[in-house]
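Asker: coordinates only, sequence not included:
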Ligand code: KG4
Ligand code: ZN
């Protein structure tokens, strides 16, 4: 069984072939950083056009690497949402075309479900149930995961996503797009205790909020650059202090979620999950609290085709043999999904 996975929800084209019996056969990723960098953020139309340019040659390349012919593919999984509508349409249209030509199923995949399941591709995958911390550019959610597709939202951000906060503060620090990794790199040379920034924990529930922290960071940056542009040292200190505040906030909320749910496993997913400091701090929190923390390797935290192929394979049973539709849902709440295998 070979499942082709296609990811085109934002600014990365991801393609992979997953075989449940043999694991990941081949994968390829193309990042559009160079295209969007001059604009300081993702330009949706440029993203769609580049996905359209890259996708077919990347599929050919992945098949070659795996030593497969396109006729060896048994199903095509693609990101159907959430994401940028034009970018989603490119992957969905190509997936539906391949499926129609080969008379195989096309499986629309929820991007955040794929992130949530990415840890399953690791050699020691987590068992259900677990709490998932989803931290990406558009989402910050804590989810009680009882099984495949059985999700209860425990909390989510009331304003900015964690990745979005990283990206915005990086911009204020005049760091290049994509901001998260750039800010994290600069923070390595800074002192996380240099400036005291708020840990937005005011509500005792499991919802999060990053707008107050973002404003405090903006005011700090403005104060520090009144007389002269920020020196490298000050920039590193602000980046480190901001990163520490985000990490503390996420770790605290995870700890609360573990207590509230009574679960013993925490799975980290999404682009911000690649952050070294967050990974270390969550691991330490787990050790203090008897919680096992799972996170996929950084390349499986950020967008990729492998997680789409895997998540699609898990929902293969839902394919009904009908002519494949082009499904693209820019907004798609995670808890709209039905548990796998119930047919509900
Ligand atoms: O999951 P992802 O690749 O795409 C979305 O589905 O959004 O997440 C991208 C987000 C961006 O906001 C990016 O700045 C952030 O993840 N990110 C990081 C790091 N790597 C990626 N944030 C902090 N530290 C990192 N190392
Ligand atoms: Zn993502």
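Answerer: Yep, that arrived. Everything numeric in this text was worked out from a predicted model, so none of it was measured. Ligands and ions are numbered 1, 2, ... in the order given.

Asker: who's in contact with stretch 161-181?
Answerer: Residues outside stretch 161-181 that contact it (C-beta atoms under 8 Å, 6 or more residues apart in numbering) are 11, 33, 36-37, 39-41, 135-140, 160, 182-184, 186, 208, 210, 213-214, 217-218, 221, 230, 235, 238-239, 242-243, 246, 250, 270-272, 274-275. Placement of C-beta: from N, CA and C, glycine included.

Asker: go through stretch 137-154 and flag the buried ones.
Answerer: Buried residues in stretch 137-154, counting neighbours by 16 or more other C-beta atoms under 10 Å, are found at 137-145, 148-151, 154.

Asker: just stretch 275-292 next, same as before
Answerer: For stretch 275-292, using 16+ other C-beta under 10 Å, the buried residues are 275, 277-279, 281-283, 285-286, 291.

Asker: any chance of those residues in JSON lines, with distance to ligand 2, secondary structure and pLDDT too?
Answerer: Output for the buried residues of stretch 275-292, formatted as JSON lines (distance: C-beta to the ion, whole Å; DSSP: H, G, I helix; E, B strand; the rest coil; pLDDT from 0 to 100):
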{"residue": "275", "distance to ligand 2": "14", "secondary structure": "coil", "pLDDT": "98"}
{"residue": "277", "distance to ligand 2": "20", "secondary structure": "helix", "pLDDT": "98"}
{"residue": "278", "distance to ligand 2": "16", "secondary structure": "helix", "pLDDT": "98"}
{"residue": "279", "distance to ligand 2": "17", "secondary structure": "helix", "pLDDT": "98"}
{"residue": "281", "distance to ligand 2": "21", "secondary structure": "helix", "pLDDT": "98"}
{"residue": "282", "distance to ligand 2": "19", "secondary structure": "helix", "pLDDT": "98"}
{"residue": "283", "distance to ligand 2": "22", "secondary structure": "helix", "pLDDT": "98"}
{"residue": "285", "distance to ligand 2": "23", "secondary structure": "helix", "pLDDT": "98"}
{"residue": "286", "distance to ligand 2": "23", "secondary structure": "helix", "pLDDT": "98"}
{"residue": "291", "distance to ligand 2": "24", "secondary structure": "coil", "pLDDT": "98"}
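
Asker: so which of these are also by ligand 1?
Answerer: Filtering the buried residues of stretch 275-292 for proximity to ligand 1 by C-beta under 6 Å from any ligand atom leaves residue 275.

Asker: turn the buried residues of stretch 275-292 into JSON lines, columns for distance to residue 256.
Answerer: Formatted as JSON lines, these follow (distance: C-beta to C-beta, whole Å):
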{"residue": "275", "distance to residue 256": "20"}
{"residue": "277", "distance to residue 256": "20"}
{"residue": "278", "distance to residue 256": "16"}
{"residue": "279", "distance to residue 256": "19"}
{"residue": "281", "distance to residue 256": "15"}
{"residue": "282", "distance to residue 256": "13"}
{"residue": "283", "distance to residue 256": "17"}
{"residue": "285", "distance to residue 256": "11"}
{"residue": "286", "distance to residue 256": "14"}
{"residue": "291", "distance to residue 256": "12"}
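
Asker: out of the buried residues of stretch 275-292, who's nearest ligand 1?
Answerer: residue 275 (3.5 Å; C-beta to the nearest ligand atom).

Asker: thought the closest one was touching residue 243?
Answerer: Yes. The pair residue 275 / residue 243 is scored as a contact, 7.5 Å apart, by C-beta atoms under 8 Å.

Asker: joint contacts of the two?
Answerer: residue 184.

Asker: in terms of secondary structure, what does the helix or strand harbouring residue 245 contact?
Answerer: Assigning secondary structure by DSSP states H and E places residue 245 in helix 232-261. Packing partners of helix 232-261 (3 or more C-beta pairs under 8 Å, 6 or more residues apart in numbering; DSSP states H and E): strand 130-135, strand 140-147, strand 150-156, helix 162-172, helix 179-187, helix 211-224, strand 265-269, helix 276-289.

Asker: and the angle from the fourth one to strand 140-147?
Answerer: For helix 162-172 against strand 140-147, the angle between stretch directions is 160 degrees (axes from the mean of the first three to the mean of the last three C-alpha atoms, to 10 degrees).

Asker: would you point out the most distant pair within the buried residues of stretch 137-154?
Answerer: Using C-beta to C-beta, the pair of the buried residues of stretch 137-154 lying farthest apart is 137 and 150, separated by 25.4 Å.

Asker: just give me the neighbour total for residue 86.
Answerer: A count of neighbours around residue 86, defined by other C-beta atoms under 10 Å, yields 18.

Asker: can you give me the pLDDT of it?
Answerer: The model reports residue 86 with a pLDDT of 98.

Asker: please look at it and residue 42 and confirm they touch.
Answerer: No. Counting by C-beta under 8 Å, residue 86 does not reach residue 42; the two are 11.1 Å apart.

Asker: okay but residue 62 is in contact with residue 26, surely?
Answerer: Yes. Using C-beta under 8 Å, residue 62 makes contact with residue 26 at a distance of 4.6 Å.

Asker: neighbour count winner among these two?
Answerer: A direct count of neighbours by other C-beta under 10 Å for residue 62 and residue 26 places residue 62 higher, at 22 against 19.
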